[in-house]
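Colleague: Have a look at this prediction, sequence included:
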Amino acid sequence: MKPPPFEYVRAESIDDALATISELGDDAKFLAGGQSLVPLMAVRLSWPTHLVDIAGVAELSRIAVTDSGVVTIGAATLQRTVERSAAIAAVCPVLPEAISHIGHFPIRNRGTVGGSLVHGDPASELPLCALALDAQLRTRRADGRERVVDARDFFVGPLMTDLEADELLLDVRIPAWPSGAGWGFQEFSRRSGDFAIIAVLTMLRLAPNGTVDEGRIAIAGAGPTPLRPPEAEAMLAGERAGETLFVRAGAQVAESIEPHSDIHGSVRFRRQLAASLTERALADAHRRVQLDG
Ligand SMILES: Cc1cc2nc3c(=O)[nH]c(=O)nc-3n(C[C@H](O)[C@H](O)[C@H](O)COP(=O)(O)OP(=O)(O)OC[C@H]3O[C@@H](n4cnc5c(N)ncnc54)[C@H](O)[C@@H]3O)c2cc1C
């Protein structure tokens, strides 16, 4: 299938991109890596009249890491650039690890961080990371109004985000990783490079006596958006870290989620998968805390 006809405009700057999109109206769309938008156009699920290409806007593809470990990634930064960033790996190693599971390397070499976040696929790795890492997303409109949206409020449904048609995602800010915390990332897909059926990202921070000070569990592929099941996270706090707790948390996750059923797996299969991957990701996080501690 071929996309319907459209006009192509290359933006030179953030201001240029915003002025152009507001001038062209609601039928125009930003184009970043084109790795989601163009396939959607090819199957006629999206038919913009104009594409405003932001891939070459240098201001949108910057990575900054502060001394305290706060990471800011420009929206048009290539996924592959983040995956290979030594500065990010040093302060937030789960991010490159999760990105390495996105499609294949040519896709990550075109696909951008912002494009994946705005596309908002509930099985995607980057929205999962944004949610798990308590990220904040900064946006701007043509009249100069800026907003900062918590990842918790950004993903509102399958392929739906809290962004207006003329609003540009500028960057994503990830707070410093909590000192001494361990992480786990587990994903299951039918073939290497396929979208996850379920992916789980965990974080554990322990008190000196081995009980959990803070535990996070984020899941992709288990509902209309990435999720942080509050009951399972609450269950971890104050408890002794170890297999018994992780099995209980996995069972709680399976009970909390409302996954769909399709040719890749039934609801029951997805619940069981979410439980096992949660257990494994928590065990990985625990191992990392012990290694680093
Ligand atoms: C074969 C294949 C396999 C894939 N496998 C995976 C996978 O396993 N996991 C995964 O997560 N993804 C996967 N993807 C999708 C890939 O990660 C895309 O790159 C990503 O979802 C979209 O990023 P993009 O930069 O290509 O955005 P585009 O496709 O250019 O844009 C996507 C949407 O975001 C909007 N947009 C882009 N940037 C901005 C911005 N800064 N501000 C406002 N709106 C913006 C566009 O208007 C469009 O609506 C796969 C893609 C392909 C083709």
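Modeller: Yep, that arrived. Residues are numbered from 1 along each chain as shown.

Colleague: Please make it C-alpha for all contacts and neighbour counts, starting now.
Modeller: Noted.

Colleague: I'd like to know how many residues surround Arg190.
Modeller: Burial measure for Arg190: 10 neighbouring residues, criterion other CA atoms under 10 Å.

Colleague: Just the pLDDT for it.
Modeller: The model reports Arg190 with a pLDDT of 91.

Colleague: Skipping adjacent residues, who's closest to Asp284 in space?
Modeller: Gly184 (4.9 Å; CA to CA, 6 or more residues apart in numbering).

Colleague: pretty sure the one you found is in a strand, no?
Modeller: Yes - looking at Gly184 with DSSP: H, G, I helix; E, B strand; the rest coil, it is inside a strand.

Colleague: Could you measure from it over to Pro127?
Modeller: For Gly184, the distance to Pro127 equals 16 Å [CA to CA, to the nearest Å].

Colleague: Please identify the helix or strand for Glu23.
Modeller: helix 14-24 (DSSP states H and E).

Colleague: buried set for that helix?
Modeller: By neighbour count with 16 or more other CA atoms under 10 Å, helix 14-24 contains the buried residues Ile14, Asp16, Ala17, Leu18, Ala19, Thr20, Ile21, Ser22, Leu24.

Colleague: What are the contacting residues of stretch 163-176?
Modeller: Here stretch 163-176 makes contact (CA atoms under 8 Å, 6 or more residues apart in numbering) with 18, 21-22, 25-26, 29, 60, 68-75, 91-92, 114, 118, 130, 133-142, 154.

Colleague: 6 Å instead, please
Modeller: Contacts with stretch 163-176, where a contact means CA atoms under 6 Å, 6 or more residues apart in numbering, come from 22, 69-75, 135-141.

Colleague: What about the residue nearest to Ile107 when sequence neighbours are not counted, how many residues nearby?
Modeller: Closest residue to Ile107 apart from its sequence neighbours, by CA to CA, 6+ apart: Gln35 at 6.7 Å. Using other CA under 10 Å, Gln35 is surrounded by 18 other residues.

Colleague: same for the top helix by length along the chain, what does it pack against?
Modeller: Secondary structure of the chain read by DSSP state H shows that its longest helix is helix 267-292. Packing partners of helix 267-292 (3 or more CA pairs under 6 Å, 6 or more residues apart in numbering; DSSP states H and E): strand 182-188, strand 198-206, helix 243-256.

Colleague: Next to the ligand in this structure, residues from the protein, please.
Modeller: Proximity of the chain to the ligand, by CA under 6 Å from any ligand atom, involves residues 29-37, 75-76, 102-103, 107, 111-112, 114-116, 118-119, 124-125, 168-170, 193-195.

Colleague: Got a ChimeraX select line for the buried ones in the residues you listed?
Modeller: Buried residues within those, by 16+ other CA under 10 Å, are selected in ChimeraX with:
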select :29,30,31,32,33,34,35,36,37,75,76,102,103,107,111,112,114,115,116,118,119,124,125,168,169,170,195
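
Colleague: which ones among the residues of the chain next to the ligand are found in helices?
Modeller: When the residues of the chain next to the ligand are checked against helices (DSSP H), the matches are Leu37, Ile107, Gly114, Gly115, Ser116, Val118, His119, Glu125.

Colleague: so which of the residues you listed would you say is closest to Gln272?
Modeller: Nearest to Gln272 out of these is Glu125 (CA to CA; 19.8 Å).

Colleague: Please report how far the closest one lies from Pro3.
Modeller: Distance, Glu125 to Pro3, by CA to CA: 26 Å.

Colleague: What of Val70?
Modeller: Applying CA to CA, the value for Val70 to Pro3 is 40 Å.

Colleague: next one: Val118
Modeller: Look at Val118 and Pro3: by CA to CA, they are 20 Å apart.
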